[in-house]
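Asks: Show me how the following folds:
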Amino acid sequence: MKIGQAVRISDSQLIEFLEKHGIPLDVAKRYLKQVHIHDDGVGEGIAAFSFRNDDGGYQFFNKDIDKSSGQDSCTIIRGMNAGKKRLHVFKNCLDFLSAICANKGDHLNGDAVIFNSMS
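Replies: Reported below is the predicted structural model:
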(Lines give C-alpha, C1' and ligand atoms only; values in the text may rest on other atoms or scores of the structure.)
Protein backbone atom coordinates (compact mmCIF):
# COMPACT_ATOMS: atom_id res chain seq x y z
CA MET A 1 0.00 0.00 0.00
CA LYS A 2 1.37 3.41 -1.00
CA ILE A 3 -0.05 6.50 0.67
CA GLY A 4 0.06 9.92 -0.98
CA GLN A 5 0.56 13.21 0.81
CA ALA A 6 -2.12 14.25 3.31
CA VAL A 7 -4.15 17.23 2.12
CA ARG A 8 -7.35 19.05 3.10
CA ILE A 9 -10.54 17.14 2.33
CA SER A 10 -11.83 18.02 -1.14
CA ASP A 11 -12.82 14.73 -2.83
CA SER A 12 -16.54 14.73 -3.70
CA GLN A 13 -17.02 11.07 -2.68
CA LEU A 14 -15.45 11.70 0.73
CA ILE A 15 -17.62 14.77 1.24
CA GLU A 16 -20.68 12.70 0.28
CA PHE A 17 -19.61 10.08 2.84
CA LEU A 18 -19.48 12.76 5.54
CA GLU A 19 -22.90 14.08 4.56
CA LYS A 20 -24.35 10.56 4.73
CA HIS A 21 -23.03 10.27 8.29
CA GLY A 22 -24.26 13.74 9.27
CA ILE A 23 -20.78 15.17 9.80
CA PRO A 24 -20.24 18.73 8.52
CA LEU A 25 -17.13 19.26 6.43
CA ASP A 26 -15.80 22.00 8.74
CA VAL A 27 -15.91 19.59 11.71
CA ALA A 28 -14.21 16.78 9.74
CA LYS A 29 -11.43 19.09 8.54
CA ARG A 30 -10.39 19.73 12.15
CA TYR A 31 -9.53 16.06 12.69
CA LEU A 32 -9.18 14.30 9.33
CA LYS A 33 -7.02 14.67 6.24
CA GLN A 34 -7.47 13.26 2.75
CA VAL A 35 -4.91 10.90 1.23
CA HIS A 36 -4.68 8.98 -2.01
CA ILE A 37 -4.07 5.25 -1.53
CA HIS A 38 -2.51 3.05 -4.18
CA ASP A 39 -3.08 -0.60 -3.39
CA ASP A 40 -2.96 -3.66 -5.65
CA GLY A 41 -6.34 -4.64 -4.23
CA VAL A 42 -8.07 -1.41 -5.29
CA GLY A 43 -6.66 -0.80 -8.77
CA GLU A 44 -5.75 2.74 -9.80
CA GLY A 45 -5.95 4.33 -6.39
CA ILE A 46 -8.64 5.87 -4.24
CA ALA A 47 -9.18 8.83 -1.93
CA ALA A 48 -9.57 8.07 1.77
CA PHE A 49 -9.66 9.82 5.11
CA SER A 50 -6.57 9.74 7.29
CA PHE A 51 -6.75 9.88 11.10
CA ARG A 52 -3.51 9.84 13.12
CA ASN A 53 -3.10 7.92 16.37
CA ASP A 54 -0.86 8.81 19.30
CA ASP A 55 1.91 6.38 18.32
CA GLY A 56 2.40 7.77 14.80
CA GLY A 57 0.20 5.24 13.00
CA TYR A 58 -2.80 6.06 10.84
CA GLN A 59 -6.30 4.81 10.20
CA PHE A 60 -7.38 5.12 6.55
CA PHE A 61 -11.02 4.73 5.60
CA ASN A 62 -13.75 5.57 3.15
CA LYS A 63 -17.01 3.85 2.19
CA ASP A 64 -15.11 0.87 0.76
CA ILE A 65 -11.97 0.39 2.85
CA ASP A 66 -10.69 0.36 6.41
CA LYS A 67 -6.93 0.04 6.70
CA SER A 68 -4.26 1.02 9.15
CA SER A 69 -0.62 1.82 8.74
CA GLY A 70 2.12 1.84 11.34
CA GLN A 71 1.57 1.15 15.00
CA ASP A 72 -2.04 0.39 16.00
CA SER A 73 -2.96 2.63 18.89
CA CYS A 74 -5.61 4.91 20.31
CA THR A 75 -5.87 8.67 19.91
CA ILE A 76 -6.35 10.97 22.88
CA ILE A 77 -7.86 14.40 22.28
CA ARG A 78 -7.86 16.79 25.21
CA GLY A 79 -11.17 18.39 26.08
CA MET A 80 -11.85 22.03 26.81
CA ASN A 81 -11.61 21.39 30.56
CA ALA A 82 -8.71 18.96 30.79
CA GLY A 83 -8.77 19.10 34.60
CA LYS A 84 -12.32 17.72 34.73
CA LYS A 85 -12.74 14.12 35.77
CA ARG A 86 -14.70 13.21 32.65
CA LEU A 87 -13.58 10.83 29.94
CA HIS A 88 -15.36 10.12 26.65
CA VAL A 89 -14.54 6.76 25.02
CA PHE A 90 -15.17 6.05 21.32
CA LYS A 91 -14.79 3.00 19.11
CA ASN A 92 -13.59 5.03 16.13
CA CYS A 93 -13.20 8.56 14.82
CA LEU A 94 -16.66 8.56 13.21
CA ASP A 95 -18.21 7.97 16.63
CA PHE A 96 -16.04 10.79 18.00
CA LEU A 97 -17.02 13.17 15.18
CA SER A 98 -20.69 12.32 15.73
CA ALA A 99 -20.31 13.31 19.39
CA ILE A 100 -18.68 16.59 18.36
CA CYS A 101 -21.66 17.24 16.06
CA ALA A 102 -24.12 16.41 18.85
CA ASN A 103 -22.22 18.98 20.92
CA LYS A 104 -23.03 21.61 18.25
CA GLY A 105 -19.56 21.33 16.71
CA ASP A 106 -17.77 22.33 19.90
CA HIS A 107 -14.94 20.47 21.60
CA LEU A 108 -16.01 18.10 24.35
CA ASN A 109 -15.53 19.21 27.96
CA GLY A 110 -13.68 16.06 28.99
CA ASP A 111 -10.86 14.21 27.28
CA ALA A 112 -11.68 11.75 24.47
CA VAL A 113 -10.07 8.37 23.87
CA ILE A 114 -10.62 6.96 20.38
CA PHE A 115 -9.74 3.29 19.93
CA ASN A 116 -9.49 3.57 16.11
CA SER A 117 -11.38 0.37 15.44
CA MET A 118 -13.70 0.41 12.45
CA SER A 119 -14.89 -3.18 12.73
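Asks: what about the strands in this structure?
Replies: Secondary structure of the chain (DSSP state E): strands at 2-3, 33-38, 46-52, 58-61, 66-69, 75-77, 87-90, 111-114.
Asks: Would you convert the ones you listed into JSON lines that also reports distance to residue 23?
Replies: Heads up, the C-betas are built off the backbone N, CA and C, glycines and all. Shown next, in JSON lines, are the strands of the chain (distance: least, C-beta to C-beta, whole Å):
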{"stretch": "strand 2-3", "distance to residue 23": "22"}
{"stretch": "strand 33-38", "distance to residue 23": "14"}
{"stretch": "strand 46-52", "distance to residue 23": "10"}
{"stretch": "strand 58-61", "distance to residue 23": "13"}
{"stretch": "strand 66-69", "distance to residue 23": "17"}
{"stretch": "strand 75-77", "distance to residue 23": "15"}
{"stretch": "strand 87-90", "distance to residue 23": "13"}
{"stretch": "strand 111-114", "distance to residue 23": "14"}
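Asks: how about these, which one is nearest residue 13?
Replies: Comparing the strands of the chain by their distance to residue 13 (C-beta to C-beta), the top pick is strand 46-52, with 6.5 Å.
Asks: and residue 93, what does it touch?
Replies: Counting by C-beta atoms under 8 Å, 6 or more residues apart in numbering, residue 93 touches 31, 32, 49, 51, 59, 75, 114, 116.
Asks: Repeat the analysis, applying 7 Å as the threshold.
Replies: Residue 93 makes contacts with 31, 51, 59, 114, 116, as judged by C-beta atoms under 7 Å, 6 or more residues apart in numbering.
Asks: go on, residue 32?
Replies: 9, 49, 50, 51.
Asks: now residue 28
Replies: Taking C-beta under 7 Å, 6+ apart as the test, what residue 28 contacts is 9, 18, 97.
Asks: Surely the second one is in contact with residue 25?
Replies: So that's residue 18. Yes. Between residue 18 and residue 25 there is a contact under C-beta atoms under 7 Å: 6.1 Å.
Asks: No further queries at this time; thank you.
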